[in-house]
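# A structural model of the following input is requested.
(one chain, ligands or ions: 1)
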Amino acid sequence: MAEAHKAVSGTWATRWTFILAATGSAVGLGNIWKFPYITGEYGGGAFVLVYLACIAVVGIPIMMSEVLIGRHARRNPINAMGDLAVESGSTRAWSLVGWMGVLAGFLILSFYSVIAGWALNYTADIGMGLFNGVNAKQTGEMFGDLTSNPGRLIFWHSLFMILTAIIIARGIHKGLENSVRIMMPALFVLLLVMVGYSITSTDKFGEGLKFLFAFDFSKLTGEAILVAMGHAFFTLSLGMGAIMTYGAYMPKQASIGGTVLTIAVLDTLVALVAGMAIFPIVFANGLEAGAGPGLLFVSLPQAFGSMAGGQIFGTIFFLLVSIAALSSAISLIEPAVAYIVQQHNVSRLTATICFSLIVWLLGLGTVFSFNIWSEVKLFDKNFFDLLDFLTANIMLPLGGLLISIFAGWILKRSVVLNELAMQNLVRFNTWRAAARVLSPLAVLVIFVTTLYKAFS
Ligand code: TRP
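Residues are numbered from 1 along each chain as shown. You can find the predicted model right below:
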């Protein structure tokens, strides 16, 4: 059997640091912004159920595959896939999965940064009291004022990219490890405060719960299922090598199965709690659940504007959304930086500056899709929608599918068994059945049926 690879960039301090960093990557705009708004667009409960099923059947096994590949190779995804493939008697072409991941990371971060910029803008605006006493209609208009103004969007997008670049340039250990230790628990507590507000200040908590959990299967379309699966990948940071890169820094003795389960459960809880905080407010104010990307930015500020201490809570809340976004953004660009640094000996600073500039430029497309390019459409989607669809619903599932096949069929069983270190063979075989057959099949079936429906 191959000798253990040496860690190129050191390892996390403890198993918990890995959990916090990976949870920091997983918990972000996907949970607090995207999950509520797509749940609203695709009609609620049935969509949520499909999403939960995808987390369990597809997400968790694939996350285990990513971590084990990363930890075994101890390198960035491009080299990890290539090296392990050759070592297992297969072709180096597997490194293409790593390349696709790097591209997906750039594309995602380009729009992610623009949306995170909204959160920064709201932190400042609520902090200055601009939302005190506003009603639902006014918050809608204020959101429109922001998105129709390219200059404002570019300002906040730039700021967010600069913050991301600073942390990346300083290396993930110090910046990331320390910030997630404080920020993740704090975010969780604040979300609970928001739910508390939803329960006590609106009489719509039941309606919100019903919307989230009562399944009306008549609303479930093929596209909704594809979006639910894509979101499972997006929210767990899967399919592009982010978790693989973090796995490369994971201590040897930590258990992969238990760790991954913890991350997936925390991530899912945050999404559900965010939904429980937002929908009652939406219904209580007669807002539209299917309002799209602006949902979080219209419903919550209105609540903060009218609650006692709302100015402070609102500021802290959007600050934490921004920071949750930051700890995710880092993981979108770290694989590319790790590759250049490890493979080509470029300095971390140079790599960071170049990649951040590319991502920043791409982000302008998203900025303009909310204003001057809002009518420029392909397949009925503007630039932002197109990027979102292409990455979350095509590239990530495809990457995940290949990663799963790689871990299940290409890597030697003994290598995987050793890496997962599962005492319980039933568990190991369950994972392996999922990685080899169940997860790839689920992804394929959803792909094929959606395409079939789209063209028939
Ligand atoms: N999971 C993050 C969120 O929900 C976004 C994210 C970070 C991501 N890294 C990723 C998505 C890698 C896909 C792939 O906000």
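
# who touches the residue in the stretch 251-400 of the chain that the ligand sits nearest to in this structure?
Nearest to the ligand, among the residues of the stretch 251-400 of the chain, is Ser328, at 3.8 Å (CB to the nearest ligand atom). In short, each C-beta sits where N, CA and C put it, glycine included. Neighbour list for Ser328: Gly24, Ser25, Ala26, Val27, Gly28, Leu29, Gly30, Tyr112, Ser237 [criterion: CB atoms under 8 Å, 6 or more residues apart in numbering].

# Show the backbone phi and psi for Met422.
Backbone dihedrals for Met422, given as degrees, to the nearest 10, come out at phi -90, psi 130.

# ok so, going back, quick check: which of the contacts of Ser328 are also close to the ligand?
Counting by CB under 6 Å from any ligand atom, Ser25, Ala26, Gly28, Leu29, Gly30, Ser237 from those sit close to the ligand.

# can I get the CA coordinates of stretch 333-343 in CSV?
What follows is stretch 333-343, C-alpha atoms only, in CSV (Å, rounded to 0.1, in the frame of the first residue of the first chain):
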residue,chain,number,x,y,z
ILE,A,333,-10.7,30.4,-3.5
GLU,A,334,-8.4,28.4,-1.2
PRO,A,335,-8.2,25.4,-3.5
ALA,A,336,-6.9,27.5,-6.4
VAL,A,337,-4.4,29.3,-4.2
ALA,A,338,-3.2,26.1,-2.6
TYR,A,339,-2.7,24.6,-6.1
ILE,A,340,-0.5,27.5,-7.4
VAL,A,341,1.5,27.7,-4.1
GLN,A,342,2.1,23.9,-3.8
GLN,A,343,2.6,23.1,-7.5
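
# Is that stretch positioned near the ligand?
No: Stretch 333-343 stays clear of the ligand (CB under 6 Å from any ligand atom), getting no nearer than 8.8 Å.

# mind starting the numbering at 51 from now?
Sure, I'll start numbering at 51, so the last one becomes stretch 383-393.

# Quick check: which of the contacts of Ser378 has the minimum pLDDT.
For the contacts of Ser378, the weakest pLDDT value sits at Gly74, with 90.

# ok, for that residue, nearest residue in space, not its chain neighbours?
Using CB to CB, 6 or more residues apart in numbering and skipping the chain neighbours, the partner closest in space to Gly74 is Ser377 (3.4 Å).

# tell me which element the one you found falls in.
Following DSSP states H and E, one finds Ser377 within helix 360-394.

# what comes up buried for that helix?
If you call a residue buried by 16 or more other CB atoms under 10 Å, then helix 360-394 has these buried ones: 360-361, 363-392.

# interface residues of the stretch 151-300 of the chain facing the ligand?
Counting by CB under 6 Å from any ligand atom, the stretch 151-300 of the chain sits next to the ligand at Ile158, Phe284, Thr285, Ser287, Met290, Ala292.

# out of the residues you listed, which are inside strands?
Counting by DSSP state E, no part of those is found in strands.

# Now, those residues that are in helices?
Among those, the residues falling in helices (DSSP state H) are Ile158, Phe284, Thr285, Ala292.

# Excluding chain neighbours, what is closest to the residue of the chain found nearest the ligand?
Closest contact between the chain and the ligand, by CB to the nearest ligand atom, is at Gly80 (2.1 Å). Counting by CB to CB, 6+ apart, Thr285 is the residue found nearest to Gly80 once chain neighbours are left out, at 4.1 Å.

# can you check Lys503 too?
Take Lys503 and drop its neighbours on the chain: the residue closest to it by CB to CB, 6+ apart is Gly272, 4.2 Å away.

# Pull out the buried positions in the helix or strand where Leu237 lies.
Assigned by DSSP H and E, Leu237 falls within helix 222-251. Residues 222-223, 225-227, 229-230, 233-234, 237-238, 240-241, 244-245, 247-249, 251 are the ones in helix 222-251 that count as buried (16+ other CB under 10 Å).

# again, but for stretch 488-503
Per 16+ other CB under 10 Å, stretch 488-503 contains these buried residues: Leu488, Ser489, Pro490, Ala492, Val493, Ile496, Phe497, Thr500.

# What residues does the stretch 351-500 of the chain have near the ligand?
Ser378, Ser381, Leu382, Leu446.

# which residues are contacting stretch 432-449?
Stretch 432-449 has contacts (CB under 8 Å, 6+ apart) with 147, 150-151, 153-154, 157-158, 160-161, 164, 276-277, 279-281, 283-284, 288-291, 343, 415-416, 418-420, 423-426, 428-429, 431, 493, 496-497.

# now those residues: which count as buried?
The neighbour count (16+ other CB under 10 Å) marks 147, 150-151, 154, 157-158, 160-161, 164, 276-277, 279-281, 283-284, 288-291, 343, 415-416, 418-420, 423, 493, 496-497 as buried among the contacts of stretch 432-449.

# residues in contact with the residue nearest to Phe354 when sequence neighbours are not counted?
In space, and not counting its chain neighbours, Phe354 is closest to Gly364: 3.2 Å by CB to CB, 6+ apart. By CB under 8 Å, 6+ apart, the contact set of Gly364 is Tyr172, Ile176, Gly177, Phe181, Leu350, Pro351, Phe354, Gly355.

# Check which element follows the helix or strand bottoming out on mean pLDDT in the chain along the chain.
Ranked by mean pLDDT, DSSP states H and E, the weakest helix or strand in the chain is helix 222-251, scoring a mean of 76. Heading C-terminal from helix 222-251, the first helix or strand you meet, by DSSP H and E, is helix 255-263.

# list the buried ones in that following helix?
The neighbour-count check on helix 255-263 (16+ other CB under 10 Å) flags Phe255, Gly258, Leu259, Phe261, Leu262 as buried.

# what do you get for stretch 61-79?
61-62, 65, 67-79.

# chain center to that stretch: distance?
With CA atoms, centre = their mean, to the nearest Å as the basis, stretch 61-79 stands 13 Å off its chain's centre.

# All the helices of the stretch 51-200 of the chain, in order from the start?
Shown for the stretch 51-200 of the chain, the helices assigned by DSSP state H, counting those that start in this stretch span residues 65-76, 79, 85-91, 95-104, 110-123, 127-137, 145-177, 186-197, 200-219.

# Please identify the deepest-packed of these.
Of all the helices of the stretch 51-200 of the chain, helix 110-123 has the most neighbours on average by mean count of other CB atoms under 10 Å, namely a mean of 27.

# farthest-separated two in the buried residues of stretch 61-79?
The largest separation in the buried residues of stretch 61-79, counting by CB to CB, is between Thr61 and Leu79 at 28.0 Å.

# that older thread, from the contact counts, what lies against the helix holding Leu237?
Helix 222-251 sits against helix 65-76, helix 200-219, helix 255-263, helix 306-334, helix 345-356, helix 360-394, with contacts defined as 3 or more CB pairs under 8 Å, 6 or more residues apart in numbering; DSSP states H and E.

# switch to 7 Å and redo it
Other elements packing on helix 222-251 under the criterion 3 or more CB pairs under 7 Å, 6 or more residues apart in numbering; DSSP states H and E are helix 65-76, helix 255-263, helix 306-334, helix 360-394.
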